[in-house]
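Peer 1: whatever this is, show me its structure:
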Amino acid sequence: MAGTNLSGDALELDPVIAVLARNWWAIAIRGVLGILFGLVALFLPGVTMLSLVLVFAAYAFVDGVFAIISAVNAAGQHERWGLLALEGIVDIVVAGIAIFWPAITVVAFVLLLAAWAVVTGGLMLWAAFRLDVDSGRWWFVLGGVVSLAYGVLLIVAPIIGALVLTWWLGAYALIFGVALLVLAFRLRARMPHGAASQARP
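Peer 2: Purely as a prediction, here's the structure:
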């Protein structure tokens, strides 16, 4: 039990806690970045959505290029290359759409999420009526109804749905960042005297 607290003696006994404490500044930086991202997502949701679309576009483009390279290599070795080439072309086209028409990309993502919510809600309602009351039928019904309602809301108003999703992401990042920052300074406070200043890079 002595190794589970963050006292100076425990730092010598628990190597994992010792490593975390010596690198408290790195955890603090992660916390600050999380808080900054959360604030941007909450107060500038349009910028956040655009950034996420551009990151996705960059990923899709790079993935497409590598798929085409793989197709060329496969063709050189007389192996099947058609599907790899098609995948690469589709990835690059999707990346282009995301860059030049980001709003379409956001709406498409929200509609995909809406379809998932509707299907999930329907399956939960179907499963609910195969259970008896003691097995938690009404919790399944509640979950199914909420999921269906959420899916319908996203279909009716996809832009509002994207905005709400961005706010949720921002709230998560803000809470996560604050938690990391508190953890970092608690670790720093529990380090042996004089070791905190030596632990900074």
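Peer 1: list the buried residues of whatever helix or strand residue 181 lives in.
Peer 2: Element membership for residue 181, per DSSP states H and E: helix 158-190. Neighbour counts using 16 or more other CB atoms under 10 Å place 158, 161-167, 169-170, 173-174, 176-177, 180-181, 183-184, 187-188, 190 of helix 158-190 among the buried residues. C-beta coordinates here come from the backbone N, C-alpha and C atoms, glycine included.
Peer 1: equivalent analysis for stretch 114-131, please.
Peer 2: Result for stretch 114-131 [16+ other CB under 10 Å]: buried residues 114, 117, 118, 120, 121, 124, 125, 128.
Peer 1: how far out from the middle of the chain is that stretch?
Peer 2: 24 Å (CA atoms, centre = their mean, to the nearest Å).
Peer 1: now stretch 160-167
Peer 2: 14 Å.
Peer 1: for stretch 26-42, same thing?
Peer 2: That offset, for stretch 26-42, works out to 14 Å (CA atoms, centre = their mean).
Peer 1: so what's the residue of the chain positioned farthest from its centre scoring on pLDDT?
Peer 2: Relative to the centre of the chain, and counting by CA atoms, centre = their mean, the farthest-placed residue is residue 78 at 39.8 Å. pLDDT recorded at residue 78 is 78.
Peer 1: name the SS class of it, please.
Peer 2: For residue 78, the secondary structure call by DSSP: H, G, I helix; E, B strand; the rest coil comes out as coil.
Peer 1: next, the contact list for the nearest residue to residue 61 once chain neighbours are set aside, please.
Peer 2: Once flanking residues are discounted, residue 61 sits nearest to residue 95: 3.8 Å by CB to CB, 6 or more residues apart in numbering. With contacts defined as CB atoms under 8 Å, 6 or more residues apart in numbering, the neighbours of residue 95 are 57, 58, 60, 61, 64.
Peer 1: center of the chain - which residue?
Peer 2: Nearest to the geometric centre of the chain sits residue 169, at 8.0 Å (CA atoms, centre = their mean).
Peer 1: confirm for me that that one is in contact with residue 48.
Peer 2: Yes. Taking CB atoms under 8 Å as the definition, residue 169 is a contact partner of residue 48 at 7.2 Å.
Peer 1: give the residues shared as contacts by the two.
Peer 2: Common neighbours of residue 169 and residue 48 (CB under 8 Å, 6+ apart) are residue 41.
Peer 1: where's residue 150, which helix or strand?
Peer 2: Following DSSP H and E, one finds residue 150 within helix 137-156.
Peer 1: among the contacts of residue 95, which lie within helices?
Peer 2: Residues of the contacts of residue 95 located in helices (DSSP state H): 57, 58, 60, 61, 64.
Peer 1: so which of the residues you listed comes closest to residue 99?
Peer 2: residue 57 (4.9 Å; CB to CB).
Peer 1: what about that closest one, neighbour count?
Peer 2: Look at residue 57: counted by other CB atoms under 10 Å, it has 19 neighbours.
Peer 1: and for residue 63?
Peer 2: Close neighbours of residue 63, defined as other CB under 10 Å, add up to 16.
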